[in-house]
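Trainee: everything below, folded, please.
(chains A and B)
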Amino acid sequence: MALTDQATIRQYLLGTLNDDEQQQIEERLMIEDELFEELEISKGELIEEYRAGELNRTEQTWFEEHYLSSNEGQERQAFVAAIDYLAHQRPEPVKPSIFERLRSFFKTQPWVPATIAAAAVIVIATLIISRPPQTSYPVTLTHTLPTRSTEGTNPLPSRITLPPNTKLRASLELPKQFPQGTRFTVKLDNQSETKPVNVIEQNERQVTVEIPASDLPRGEYLLKVTAEMADGTQEEIPGGYRFDIK
Amino acid sequence: MSKQFPSKEAFEKLLCWLHSDRDQAGEKYEKIRLRLIRIFSCRSCPDTEDLADQTMNVVSSRIDWLIENYKGDPALYFYGVAKKIWLEVQKKKPPPEPPPPPPDIYEIEQRCSCLEQCMERHLSGTERDMVLRYQEKTKQEKIKVRKQIATELGISINALRIRVCHIHARLRPCIEQCLQLIES
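Mentor: Sure thing, here's the model as predicted:
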């Protein structure tokens, strides 16, 4: 069936042919089997489009007032509605999830789970054995006053060589005794940003922090401490604890 | 227009005029009648079968003249008469009625039940699956599904349209029969 004939049949059903064209197509419909078949197919397709609201307003009105108002049109429309209803009632084939696909794969390949489990055990064991323990590297840092200070009593910053996969465990001696119940927060200043560090021990005289080596590339650092008293008042300890990582 | 049945003699002559073989003549007669019904339907005639029968009767009544004088495909002569009948109907035709409401859910469910029975009775499993898949989805998705079915069957999309249309044509009379049984 030529595409032009398909288009003409569609136009015929939607009432957009002139009288001569309509007569021509109807004469052909009387004698050409293929064209008649196309008419039958197109009617069904137009009903689908009509039901889906895909026809424009004029087409829709024409189709309703002509073909669909005939007994045949009504019967065909009800038929399409029924078949549509049945087709859309059918449960869609459910796409298996990744777990279902894996399960079905394992069912068909029973050796795979055992092999994967064995490989996982080996990998985990290797990691545990080969992974160096993240040891703490203890240092005691002395408080230094702000650099503006002219007193010239500040000690040189501690120079620390920190092995990889370790933690710096720094005990900070407080410049004065704070009352009992005081909590301390400590921040690490790496000269470009300041971030809190983990306080693991604290008392009135000393605060101990732990900083992973990964947070301490080579450079100069300053730990700043803030005390929060039991009554809620805060006191930032001037200066800080300077150290260099080599 | 003639609503009278043709005489037996005229009807026999009409069949002879359509084809020398009686069976083939009968088929041709039915084919012409069906096409007239379809054309009347497209021209929004309510009583399509009645109009087609009137056309057949008018042609039968002129059979002697036709045998002597008419040259060409008889189907075209039937069409010419049908068109005149349609024009006469137009003169008397009342203003168009509002379009009928779409089928309600009860009617659709009844049809669905008949459709399922008819599919079970007349279609193979593959045909049933094809007909329902053909109707799945909407718009672009529907086109995709249809292309997929055609590819799976190794046929063109047009061949698939024709195949589905033929299956529908097998199902529709069965459904109508089933509905009549429910109503009776």
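Trainee: when you work out contacts or count neighbours from here on, use the C-alpha atoms and nothing else.
Mentor: Noted.
Trainee: what is the neighbour count of the residue in chain A that chain B sits nearest to?
Mentor: Per CA to the nearest CA, A:H66 is where chain A lies closest to chain B, at 4.1 Å. Using other CA atoms under 10 Å in any protein chain shown, A:H66 has 22 other residues around it.
Trainee: so the closest residue to it other than its chain neighbours: helix, strand or coil?
Mentor: When the adjacent residues along the chain are set aside, A:H66 lies closest to B:S44, with 4.1 Å between them (CA to CA, 6 or more residues apart in numbering or on different chains). In terms of secondary structure, B:S44 is coil; the call rests on DSSP: H, G, I helix; E, B strand; the rest coil.
Trainee: what segments of chain B are helices?
Mentor: Counting by DSSP state H, residue ranges of the helices within chain B are B:8-18, B:22-42, B:48-61, B:63-69, B:74-92, B:105-122, B:125-135, B:139-153, B:157-183.
Trainee: chain center to the second one: distance?
Mentor: For helix B:22-42, the distance between its averaged C-alpha position and the chain's averaged C-alpha position is 9 Å (CA atoms, centre = their mean, to the nearest Å).
Trainee: what is the neighbour count of the residue lying closest to A:Y67 once chain neighbours are set aside?
Mentor: Sequence neighbours aside, B:C42 is the residue nearest to A:Y67 in space, at 4.8 Å (criterion: CA to CA, 6+ apart). For B:C42, the number of neighbouring residues by other CA under 10 Å comes to 24.
Trainee: biggest strand in chain A, by residue count?
Mentor: Of all the segments of type strand in chain A, defined by DSSP state E, the longest one is strand A:219-228.
Trainee: can you give me the buried ones in it?
Mentor: Within strand A:219-228, the residues that qualify as buried by neighbour count (16 or more other CA atoms under 10 Å in any protein chain shown) are A:E220, A:Y221, A:L222, A:L223, A:K224, A:V225, A:T226, A:A227, A:E228.
Trainee: who does that strand touch, helix- and strand-wise?
Mentor: For strand A:219-228, the elements it packs on are strand A:183-189, strand A:234-236, strand A:241-245, judged by 3 or more CA pairs under 8 Å, 6 or more residues apart in numbering or on different chains; DSSP states H and E.
Trainee: next one: residue 101, what pLDDT does it get?
Mentor: In the absence of a named chain, this looks at chain A. At A:R101, the predicted lDDT confidence score is 62.
Trainee: can you look at chain B instead?
Mentor: As summarised for this prediction, B:P101 has a pLDDT of 76.
Trainee: for it, give its distance to chain A.
Mentor: Note on B:P101: its distance to chain A, by CA to the nearest CA, to the nearest Å, is 9 Å.
Trainee: same question, B:G154
Mentor: Computed with CA to the nearest CA, the distance linking B:G154 and chain A is 18 Å.
Trainee: and that residue, what's its pLDDT?
Mentor: Model confidence at B:G154, expressed as pLDDT, equals 95.
Trainee: can you check A:A125 too?
Mentor: With respect to pLDDT, A:A125 scores 70.
Trainee: which residues touch B:D23?
Mentor: Applying CA atoms under 8 Å, 6 or more residues apart in numbering or on different chains, we find B:D23 in contact with no residue.
Trainee: if we use 10 Å, what do you get?
Mentor: B:L15, B:Y29 (CA atoms under 10 Å, 6 or more residues apart in numbering or on different chains).
Trainee: can I assume A:A81 is in contact with B:R111?
Mentor: Yes. A:A81 is within contact range of B:R111, at 8.9 Å (criterion: CA atoms under 10 Å).
Trainee: give me the common contacts of these two.
Mentor: Contacts common to A:A81 and B:R111, judged by CA under 10 Å, 6+ apart, are B:I105.
Trainee: any idea how many residues pack against the residue nearest to A:I31 when sequence neighbours are not counted?
Mentor: In space, and not counting its chain neighbours, A:I31 is closest to B:A75: 6.6 Å by CA to CA, 6+ apart. Burial measure for B:A75: 21 neighbouring residues, criterion other CA under 10 Å.
Trainee: contacting residues around the residue in chain B that chain A sits nearest to?
Mentor: Of all residues in chain B, the one sitting closest to chain A is B:S44 (4.1 Å; CA to the nearest CA). B:S44 sits next to A:62-73, B:38, B:96 when contact means CA under 10 Å, 6+ apart.
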